[in-house]
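J.: Here is my input, please return the structure:
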Amino acid sequence: MSSERTEVQVRPGVEADLDALTNLYNHYVRETSITFDTVVFTPEERRAWLLSHPEDGPYRLMVATPADSQRILGYATSSPYRAKPAYRTSVETTVYVAPDAVGRGVGTLLYEALFAALAGEDLHRAYAGVAQPNEASARLHARLGFRHVGTHREVGRKFGRYWDVAWYERPL
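T.: Residues are numbered from 1 along each chain as shown. So this is what the prediction gives:
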């Protein structure tokens, strides 16, 4: 793992990544309960999402690629936690890793780069919702300083069943 991990670079996401990011996300929409979206997106439908994550400010998009190509291995974002003004110093974070890159440290690299980029922002807390069960994500979040703060029971329905979501928080 360590030799593969060092060959990964993390950079801000750009509009040229839109097709690959959409394809990666759509895998999780179609195949898993990790996201509660139930219908796949076209790149054009995801454009506003991508553009809402500029290279600066509290809402970022970081992508991981092999050092020798632009293939997307995964991405991490920080997004508004809630719409009301008093929540502005909180963000919701998420990370998605390509199925063939899971277990190679890509999620850790993405989150480390995201938190480093956010270090100079006026932010206080990061939150992450993790559909259950998902032990790998729970371990990733714990490794990066998140702590479990509660679980919403049967909050989302997908694939004909209800899913719990565990919530994690981390100081920034």
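
J.: Strands along the protein, start to end?
T.: Listed from the start of the chain, the chain has strands (DSSP state E) covering 8-12, 61-66, 74-80, 90-97, 125-131, 147-158, 161-171.

J.: Find the least confident helix or strand in the chain, judged by mean pLDDT.
T.: The least trusted helix or strand in the chain, going by mean pLDDT, DSSP states H and E, turns out to be helix 2-6, with a mean of 45.

J.: can you count the residues close to residue 162?
T.: Around residue 162 there are 11 other residues, counting by other CB atoms under 10 Å. (Each C-beta comes from the backbone N, C-alpha and C, glycine too.)

J.: cool, residue 137 as well?
T.: Per other CB under 10 Å, the neighbour tally for residue 137 reads 22.

J.: and the closest residue to it other than its chain neighbours, bridged to which residues?
T.: Closest residue in space to residue 137, ignoring its immediate chain neighbours: residue 130 at 4.6 Å, by CB to CB, 6 or more residues apart in numbering. For residue 130, the beta-bridge partners are residue 166 (DSSP bridges).

J.: For residue 130, give its distance to residue 24.
T.: Going from residue 130 to residue 24 by CB to CB, to the nearest Å gives 18 Å.

J.: For stretch 115-123, list every residue counted as buried.
T.: 115, 117, 118, 121, 123 (16 or more other CB atoms under 10 Å).

J.: Let me fix that, I meant to ask about stretch 43-56.
T.: 43, 46, 49, 50, 53.

J.: Local confidence estimate at the third one?
T.: At residue 49, the predicted lDDT confidence score is 97.

J.: just so I know, which of the strands of the chain lies nearest residue 31?
T.: Smallest distance to residue 31 across the strands of the chain (CB to CB): 11.0 Å, for strand 147-158.

J.: what's the closest one in contact with?
T.: 33, 36, 38, 129, 131-132, 138, 162-170 (CB atoms under 8 Å, 6 or more residues apart in numbering).

J.: Hmm, residue 47 is touching residue 18, no?
T.: Yes. Between residue 47 and residue 18 there is a contact at 6.3 Å, judged by CB atoms under 8 Å.
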